[in-house]
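S.K.: Model the following, please.
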Amino acid sequence: MPVTKLIPDEARKMIAERLNSFKDSVNVEVYTKDGEHDEFNAVSVGLVTELAEISPKIVPKFFKIGDARAKEMGVERTPTILVAPEKYRIRYTGAPAGEEGRSFMQIIEQASFGDSMLTPKVKAKLAQLKEKRHIQVFVTPTCPYCPGEVLNAFSAAMERPDLVSAECIESMENVDLARKFDVGGVPHTVVNGVTTSKGLQPEERFMDGMLAIRPYKEPQQVPPGHVHTYEAADEPQVVKVDLVVVGAGPAGLTAAIYAKRSGLETVVLEAKIIGGQVSITPIVENWPGFKSVPGAKLMEMMGAQAREYVQVKENEPVREIKIGKHIEAITPKARYEARGIILAMGAEHKKLGAPGEDRLSGRGVAYCATCDGFFYKDRDVLVVGGGNTALTDAIYLHSLGARVALVHRKGEFRAEKHLVDSWKTTGRPTIWDTTVEEIVGDDHVIAVRLKNLKTGAGTTLPIEGVFVSIGFDPKSELAKEIGVGVDEAGFIKADRAMRTNIPRVYAAGDLSGGVRQIVTAVGTGATAAISAFEDLSGPYWKDKAPGK
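M.R.: Alright, predicted model coming up:
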């Protein structure tokens, strides 16, 4: 039988160009043990072998658990991959499959150039470190947020190889370790045996937590949607462009492509990762040209195309926008001076507001079925909501083997018919006309208290996980700070050309309300970019007010 390639032929040319641009060759050591995790061993060996076939910049070495080299390097789990072990203490415990393929390619590139790619301010902080740090980041292959957190850890290990070691742990392959550290959602970061964070963090916040080893307590310390405020850099880098796009979801990426093709020098600034909400959608079935495509895959393709045109800066949140002769977008890493700006920050998960929700976040309360669904296989879970996202999450969790129930505050679903029909085929129960009044548990979710809105009757449902899928709130704080008009729900008001009430400021995607679908996000992104090009070529506001 022919051997199945892990790297498709169509991707090899692009990967070869990237690898051959590396400065130095990179030693990559793979450790395996026959009869244990053979499938994941094969992925690890195959991936490194194929990369070495594509480019001589990758130098593979293969060892067995228990041999002299494994003992010397302290490797006991299969598979394990060490990257440039002669220089750094960086390892993957488990195959870098799925989303972690991104962090693997990035870290071998950084190792080739010997560059941690951290900001000068963060490097200065790490220079003050006096004690050893061992960072462990727990991930799953389907979590699009995990590679960013892994790269935070690996970059710290590159910057201070004398004191910092870092490990990416694949939770599905190392269940015992995940249970040891009570991992209920990913990414989950542990420093010197202490859980310091849950979720993807901006670079500077990650380093602050790693340096201080502050135990993770309650999520309300850093509430969802919170924009961390940083001290201004002593000498912030100034980057001059024609257009800044804030947000790297479908709208932002499309806007960037159209803007660059129009001749506008453009940069995309993303607080987290490329893809927005689409990247955590298990399956997309309404994107033209694809009968069915994983959301992460769709955004990977969009992201790859956008990067051919513009720089996409992930994990670089915009903390402030200033309107003047130029429009300034200020991040922890730089100050971007532009002639125009497109706001495409999207929306974030709504919260129930029920007692216990914040306290048990990451301990049974979750908002991303794609990221955290693995932890609930063969367990009782409740999905809250009645729209497309809720049913998609419920169907996905059922496919993983979770025992799913769905609770909805109304008597009928808002979701598309095909999703309703798919949910019905699962045979799993729906609890109608009911709200979640409280989520119960000390260290973990053990039950929810429900209330029937028609009868007023209360019940307690034993449950181990609650997935909240009740919609999204617009991320419009930055817009409101500079005086952009928003509606009662917080969505930006924009005309048909995606112009806001402030000249040179445009909106696109979910942030602008309306029909919140991928196709409409792409359309508004293209429209905003074309409007920006037209306006910056011949400013409309010098002659008349917008919309007149």
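S.K.: C-alpha only now, for contacts and for neighbours.
M.R.: Noted.
S.K.: Where does pLDDT dip in the stretch 251-400 of the chain?
M.R.: Low-confidence segments of the stretch 251-400 of the chain, defined by pLDDT under 70: none present.
S.K.: hang on, I meant the stretch 1-150 of the chain
M.R.: Low-confidence segments of the stretch 1-150 of the chain (pLDDT under 70): 1-4.
S.K.: Show me the strands in it, by range?
M.R.: Using DSSP state E, counting those that start in this stretch, the strands of the stretch 1-150 of the chain run over 26-32, 58-64, 80-83, 90-93, 133-139.
S.K.: And Gln201, how far from Ala394?
M.R.: 27 Å (CA to CA, to the nearest Å).
S.K.: These two: which is more packed in?
M.R.: Legend: neighbour count by other CA atoms under 10 Å for Gln201 and Ala394, higher for Ala394 (29 against 21).
S.K.: Quick check: buried residues in the one helix or strand that one maps to?
M.R.: Per DSSP states H and E, Ala394 falls inside helix 388-400. Judged by neighbour count using 16 or more other CA atoms under 10 Å, the buried positions of helix 388-400 are Asn388, Thr389, Ala390, Leu391, Thr392, Asp393, Ala394, Ile395, Tyr396, Leu397, His398.
S.K.: Would you reformat those residues as a markdown table and include distance to Glu76?
M.R.: As requested, the buried residues of helix 388-400 are exported to a markdown table (distance: CA to CA, whole Å):
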| residue | distance to Glu76 |
| --- | --- |
| Asn388 | 44 |
| Thr389 | 41 |
| Ala390 | 41 |
| Leu391 | 41 |
| Thr392 | 39 |
| Asp393 | 36 |
| Ala394 | 37 |
| Ile395 | 37 |
| Tyr396 | 34 |
| Leu397 | 32 |
| His398 | 34 |
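S.K.: so who does Arg102 touch?
M.R.: By CA atoms under 8 Å, 6 or more residues apart in numbering, Arg102 lies in contact with Pro147.
S.K.: Pull up the gap between it and Ala347, please.
M.R.: 24 Å.
S.K.: Identify the residues contacting the helix holding Ala394?
M.R.: Contacts of helix 388-400 (CA under 8 Å, 6+ apart): 281-283, 369-370, 373-374, 376-377, 383-385, 403-406, 414-416, 419-420, 422-423, 426, 468-471.
S.K.: With adjacent residues omitted, what lies nearest to the residue most central in space within the chain?
M.R.: Nearest to the centroid of the C-alpha atoms of the chain, with distances taken as CA atoms, centre = their mean, sits Tyr145, at 2.8 Å. Spatial nearest neighbour of Tyr145, excluding adjacent residues (CA to CA, 6 or more residues apart in numbering): Leu200 at 5.9 Å.
S.K.: related to what we said a few turns ago, C-terminal to the helix holding Ala394, what's the next element?
M.R.: strand 403-407.
S.K.: And that next one, what does it pack against?
M.R.: If you count contacts as 3 or more CA pairs under 8 Å, 6 or more residues apart in numbering; DSSP states H and E, strand 403-407 packs onto strand 380-384, helix 388-400, strand 430-431.
S.K.: Tell me which other helices or strands the last one touches.
M.R.: When you say that, I think you mean strand 430-431. Packed on strand 430-431, when contacts are counted by 3+ CA pairs under 8 Å, 6+ apart, are strand 403-407.
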